[in-house]
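Colleague: below are the sequence and a predicted model for it; my questions follow.
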Amino acid sequence: MNDELLDIQEKIRVMIPVGESHFREFKSCFEGSPEKKKPRPVTSVARDVAETLVAFANADGGDLLVGVEDDGTISGVPCTDTDLKTLTDSPTTHVFPDTPLPLCRIRKVAIEGKTLLYFSIPAGVDYCYLTSDGRCLQRKDLESSPVSAEHIKASRQEVISREYDRQFETRASIKDLDLELVSVVAGQISHGMSAEKCLQYLDLAEFGPQGLKLRKAALLLFGQNISKWHPRSQVRVLKIDGTQLKTGQQYNVTHDQETNQNIVRLIDESWNLIRPHLVETRFSQDARFKTQIIYPELACKEALINAIAHRDYSNEGMGIEVNAFTDRLEIISPGGLLSSVSIEDLRKLTGAHQSRNSLVAKVLRELGYMRELGEGMRRIFKLLRDSDLTPPLLASTADRFSITLSQQLIYTEKERLWLDNFSRFALSRDHKTVVRLGYNNHIISPKEIWDACGIVDTEYYRRLVDNLYQFGIMYKARNDWDIINEARQKRVPKKHVARYMIKIPQEKRPVVSQTYDEPSEYAEVFVANITPETTRNQLYDLFQQFGEVSDIYIPIDFTTSRNKGFAFVEFEERSAAEKAVASSKKVILSEHSLYINWAIPKERK
């Protein structure tokens, strides 16, 4: 018996007690109940062997033992020599001919007097492997699960793209870099640091037996002749007359410019190409041409830097494309989102992030082009929101990611005309939000203001409403007695009762200083130990005994559609809240003693 066979026998003796895993599978040659086991048809076993090997090759490789039960019992392969040949040939006969498996090691082994077949296969990279009947399987934990070939291709491409900037470029030397740029980075890290030391500090290079070896990231960032190292380290900017790109005689591109540079120079040069398309010149009513910014520059620059920093550089056939349509700006970069980040994560601004090009991102942070990972998308959303523009449109496919900034305002045309009546006031975004609520003589409740502006602080609400009073554009349309009566009749918190109206100021009338006549000192308490069925009306009725209830918030568990067992009750006066807190555990609801304490502002979030 040769040494290899002894090694495999020892390996099998270790494998069997450990059991099946992502890298290991057992197959039985028997079927039926434990008392009436009989051999399975050899064709069925051969099909199982091929399916498992295809799944391993499409994942991370693995070992297959034929002749072992799921529980590790060695049952053996009760086959003739012909049957054994059928099984050992199955990696060829039962696999689609156009996707041949990588070299598979096959051995017949005797363990405990029984014959086993051992198959070992590495992870494949040449194909998305298919069974002879055209099925694509992939190993996932303990299962061989159906999966699309496109999914496998995308997963492999993601691995390649994440390793790209870390690979060493054996043909390059430090002479291929723009040392002036490297020196700028070195000076920011430490005064007097040499270029070689800086490159090693940033993990862009290592000393080997033949001298300094550069990673691809070093060439992407600082390469002098970048086309030699990456043919599409570029940004192409198209100015398109219309909302769709047309072809042929209707081709509507009015400007077409591109720049090919290393990443550091690419950021500045491509930005200079984009900037002219972020403004528009219009003929105003006073017979003058006026230039108006249509996109916030910082949001556009952030989107451009994100595209350059996070694109898939392993895709050397595509550069970054910027399309300036008449109604939107579209930035398209090679490579979809990494599997650990979803479009929904980005839209919800959770801060989810994972850098495809970790070394590139590290240097761009050193240079100040980027801050913390995950913050860029938040800044883009905020800058657009502050400019009263709709959120960006995000899209991702297997091979590209796009972000589209629209000129569309968050207001309708009628709302915009309404807001124009107040243009002489220095209104903040939240001021405009409240004024918009008053469109078409709508009477506004405090609750609407809190929700529309996302207010979490009482003092901020006071200042916001007081400002509008001082401007002379908000007034109270209902007296306190009517507000209290409606709240009691409808059994709703007072904050939910409408009371404010917005009025258009007279064109030449000076701003009239008014006094904000809402003396309420809202105070909120935390209420625990409520039942899952507790309603807002029940809490309203219960807590009215302490004073005027302003608002009630009951957090809901959306998985069960029931409340989470606690609530927040807000009173008009602090004295009422103090009475409620003093009555903690004495207040009974549905035979439950309620725990009441002061609410911590962060709790409600």
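Modeller: Good, I have the coordinates.

Colleague: give me the helix or strand of the protein that scores worst on average pLDDT.
Modeller: The weakest-scoring helix or strand in the chain, judged by mean pLDDT, DSSP states H and E, is strand 289-293 (a mean of 53).

Colleague: what is the subsequent helix or strand relative to that one?
Modeller: For strand 289-293, the following helix or strand on the C-terminal side (DSSP states H and E) is helix 297-310.

Colleague: quick one: contacts of stretch 236-246?
Modeller: Contact partners of stretch 236-246, identified using Cβ atoms under 8 Å, 6 or more residues apart in numbering, comprise 252-258, 270, 273-274, 277, 319-328. (Each C-beta comes from the backbone N, C-alpha and C, glycine too.)

Colleague: pLDDT score for the closest residue to K27 other than its chain neighbours?
Modeller: Distance criterion Cβ to Cβ, 6 or more residues apart in numbering; nearest residue to K27, sequence neighbours excluded, is V66 at 4.7 Å. You'll see V66 listed with a pLDDT of 95.

Colleague: excluding chain neighbours, what is closest to Y164?
Modeller: Counting by Cβ to Cβ, 6+ apart, S314 is the residue found nearest to Y164 once chain neighbours are left out, at 4.2 Å.

Colleague: kindly report the same for L464.
Modeller: Spatial nearest neighbour of L464, excluding adjacent residues (Cβ to Cβ, 6+ apart): D430 at 5.8 Å.

Colleague: tell me, how many neighbours does D98 end up with?
Modeller: Using other Cβ atoms under 10 Å, D98 is surrounded by 8 other residues.

Colleague: K153 now?
Modeller: Using other Cβ under 10 Å, K153 is surrounded by 14 other residues.

Colleague: same check on the one 4 residues further on?
Modeller: Other residues within reach of Q157 by the criterion other Cβ under 10 Å amount to 17.

Colleague: now do the SS call for it.
Modeller: With DSSP: H, G, I helix; E, B strand; the rest coil as the basis, Q157 sits in helix.

Colleague: got a list of what it touches?
Modeller: By Cβ under 8 Å, 6+ apart, the residues touching Q157 are D312, S314, A398, D399.

Colleague: these, buried ones only, as a ChimeraX selection?
Modeller: Those of the contacts of Q157 that count as buried under 16 or more other Cβ atoms under 10 Å are selected in ChimeraX with:
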select :312,314
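
Colleague: out of the contacts of Q157, what pair is the most spread apart?
Modeller: Pairwise distances across those (Cβ to Cβ) peak at 13.3 Å, for the pair S314 and A398.

Colleague: rewinding a little: mind checking which of the contacts of stretch 236-246 are in strands?
Modeller: V253, T254, H255, D256, Q257, E258, I320, E321, V322, N323, A324, R328 (DSSP state E).

Colleague: contacting residues around V363?
Modeller: Residues in contact with V363 (Cβ under 8 Å, 6+ apart) are V185, L202, L204, A217, L221.

Colleague: now, which of these sits nearest C128?
Modeller: The shortest gap between C128 and any of those belongs to A217, at 29.4 Å (Cβ to Cβ).

Colleague: ok, back up a step: check the residue nearest to L464 and give its pLDDT.
Modeller: 84.

Colleague: residues near it, how many?
Modeller: 19.

Colleague: surely it forms part of a strand?
Modeller: No. With three-state DSSP as the criterion, D430 is helix rather than part of a strand.

Colleague: I figured it hits Y461, correct?
Modeller: No. D430 lies out of contact with Y461 (Cβ atoms under 8 Å); the separation is 9.7 Å.

Colleague: one step back: which of the contacts of V363 lies closest to K114?
Modeller: Distance to K114, by Cβ to Cβ, is smallest for A217 among the contacts of V363, at 54.1 Å.

Colleague: other SSEs contacting the helix or strand containing that closest one?
Modeller: In this assignment (DSSP H and E), A217 forms part of helix 216-222. Helix 216-222 sits against strand 168-169, helix 179-189, helix 226-229, helix 263-274, helix 358-366, with contacts defined as 3 or more Cβ pairs under 8 Å, 6 or more residues apart in numbering; DSSP states H and E.

Colleague: rerun at 10 Å
Modeller: Secondary-structure packing of helix 216-222 (3 or more Cβ pairs under 10 Å, 6 or more residues apart in numbering; DSSP states H and E): helix 149-164, strand 168-169, helix 179-189, helix 195-201, strand 211-215, helix 226-229, helix 263-274, helix 358-366.

Colleague: quick check: V497 touching W481?
Modeller: No. Counting by Cβ atoms under 10 Å, V497 does not reach W481; the two are 11.7 Å apart.

Colleague: between those two, which is the more surrounded one?
Modeller: Ranked by neighbour count (other Cβ under 10 Å), V497 and W481 place V497 first, with 21 against 8.

Colleague: tell me who's in contact with that one.
Modeller: Residues in contact with V497 (Cβ atoms under 10 Å, 6 or more residues apart in numbering) are 443, 445-447, 478, 482-488, 490, 550.

Colleague: mind telling me the two of the residues you listed farthest from one another?
Modeller: Spatial extent of those (Cβ to Cβ) is set by the pair I443 and R488 at 18.5 Å.

Colleague: just to revisit the earlier point, what's the closest of the contacts of V363 to A50?
Modeller: Nearest to A50 among the contacts of V363, counting by Cβ to Cβ, is A217 at 41.5 Å.

Colleague: what count of nearby residues applies to that closest one?
Modeller: Neighbour number of A217 under other Cβ under 10 Å is 27.

Colleague: that one against R356, yeah?
Modeller: No. If you go by Cβ under 10 Å, A217 and R356 don't touch, sitting 11.5 Å apart.

Colleague: give the residues shared as contacts by these two.
Modeller: Shared contacts of A217 and R356, counting by Cβ under 10 Å, 6+ apart, come down to Y164, D165, Y313.
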